[in-house]
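**Q** Below are the sequence and a predicted model; questions follow.
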Amino acid sequence: MNHNDAPIIVGLDIGTTKIAAIAGRKNEYGKLEILGFGRANSNGVSHGQVLNIDQTIKAIQAALENCALSNPDLEINEVYVGIAGHHIKSLQTRGDIVRQDADIEISRAEVEQLVNNQRKTFIPAGDQIIDVIAQDFHVDSNQNIKDPIGYNGVKVGANFHIITGDRNAIRNINRAVTRSGLQTKDLVLQPLASASAVMSEIDMEAGVAILDIGGGTSDLAVFYEGILKHTAVIPFGGENITNDIRLGLGVLKTQAEAMKVQFGSALADEAKANAYITIPGLKGMPAKEISVKSLAQIIQARMGE
């Protein structure tokens, strides 16, 4: 197969501060080749949740237009959409199936049946399952098996990490994507998307926590011995810091954001003691002098929390 025939994979990140679309395809070496990228400011999203569908659609379309500008030959129909938000929860379950014929090797279909059985797990009303991830399998008395296909046994089972989200929040994402003229190929939990983007097998085996601090949420995924142990979305991100700076120093939101990005540090002790930022005054008011150290103290207090 010519690698130009490989399907184009498009990721859509509906974030609190920006919406990003990135298109790529696997090249002949199995690596992802980026074909286009576009972003747009996001207004309809708060703490990772789509609240204003119309504003979100406009932002998705703007991000797609920018993506098309970066590569006019791109045709984008289906997208993988990242999902975050405070409503994301996870639970652990354990399940197994007794096999019809213990002498035949375990097949992929049986493993899929085992995973699909977990989708019947009782979860609170109003929530729905986003993903079922098998952590480790067991065949009869053999524990901690990575992949049971090809083993023989009477019983095959696994421990599962089940990720759930609020049904309305998921519906809002799907609605915004559909009305932007796209189809959702799959919803992917944001911390898992971040993890698969930056982590290697070695990281996962050694044990690592990956924390992605976004604008409105911070995403966490914890891996140990190659297994996903925990996921969480914390409704807290860079916007909270911007807001602290705005209130703490009495400046405008745009000024607070610019100061954070240009001069911000989370380590007050290492900040230059005698460096100052001058903020022009509004409507003839005198200009403000703000020390880089007091900016760092505000950031450090919030990050420490």
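**A** Great, that's in hand. Numbers count the residues shown, from 1 in each chain.

**Q** can we go C-alpha only for contacts and neighbour counts from here?
**A** OK.

**Q** Now the biggest helix by length in the chain: buried residues?
**A** Longest helix in the chain, counting residues (DSSP state H): helix 53-70. Residues of helix 53-70 classed as buried by neighbour count (16 or more other C-alpha atoms under 10 Å): 53-68.

**Q** Distance across stretch 136-154, terminal residue to terminal residue?
**A** As for stretch 136-154, its first-to-last residue distance stands at 17 Å under the measure C-alpha to C-alpha, to the nearest Å.

**Q** please renumber so the chain begins at 20
**A** OK, 20 is where the count begins now, so the last one is stretch 155-173.

**Q** Name the residues of it that are buried.
**A** So, applying 16+ other C-alpha under 10 Å, buried residues of stretch 155-173: 155-158, 167, 171-173.

**Q** circling back: following element in sequence after the longest helix of the chain, please.
**A** On the C-terminal side of helix 72-89, the closest following helix or strand by DSSP states H and E is strand 97-102.

**Q** For residue 27, list the residues it contacts.
**A** By C-alpha atoms under 8 Å, 6 or more residues apart in numbering, the contact set of residue 27 is 42-44.

**Q** Most neighbours among these, which one?
**A** Ranked by neighbour count (other C-alpha atoms under 10 Å), these have residue 42 at the top, with 24 neighbours.

**Q** do you know how far that one is from residue 322?
**A** 33 Å.

**Q** cool, and residue 127?
**A** Counting by C-alpha to C-alpha, the gap from residue 127 to residue 322 is 45 Å.

**Q** Same check on residue 125?
**A** 48 Å.

**Q** With residue 41 instead?
**A** For residue 41, the distance to residue 322 - C-alpha to C-alpha - is 29 Å.

**Q** So for the two, which sits in the more crowded spot?
**A** residue 41 (19 against 15).

**Q** before we move on, what SS does that one have?
**A** Three-state assignment for residue 41 (DSSP: H, G, I helix; E, B strand; the rest coil): strand.

**Q** That one reaches residue 85, doesn't it?
**A** No - with contact defined as C-alpha atoms under 8 Å, residue 41 does not reach residue 85; the gap is 10.2 Å.

**Q** who touches both of those two?
**A** 56-57.

**Q** Send me stretch 100-112 as PDB with only the CA atoms.
**A** Below are the C-alpha coordinates for stretch 100-112, written out as PDB (Å, rounded to 0.1, in the frame of the first residue of the first chain):
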ATOM      1  CA  VAL A 100     -12.200  14.300  19.700                       C
ATOM      2  CA  GLY A 101     -10.500  14.800  23.000                       C
ATOM      3  CA  ILE A 102     -12.700  15.000  26.000                       C
ATOM      4  CA  ALA A 103     -12.000  16.500  29.400                       C
ATOM      5  CA  GLY A 104     -14.000  18.300  32.100                       C
ATOM      6  CA  HIS A 105     -14.700  18.000  35.800                       C
ATOM      7  CA  HIS A 106     -17.500  15.400  35.100                       C
ATOM      8  CA  ILE A 107     -15.000  12.700  34.100                       C
ATOM      9  CA  LYS A 108     -14.800   9.800  36.600                       C
ATOM     10  CA  SER A 109     -13.100   6.500  36.600                       C
ATOM     11  CA  LEU A 110     -13.700   3.200  38.300                       C
ATOM     12  CA  GLN A 111     -12.000  -0.200  38.500                       C
ATOM     13  CA  THR A 112     -13.800  -3.400  37.700                       C
END
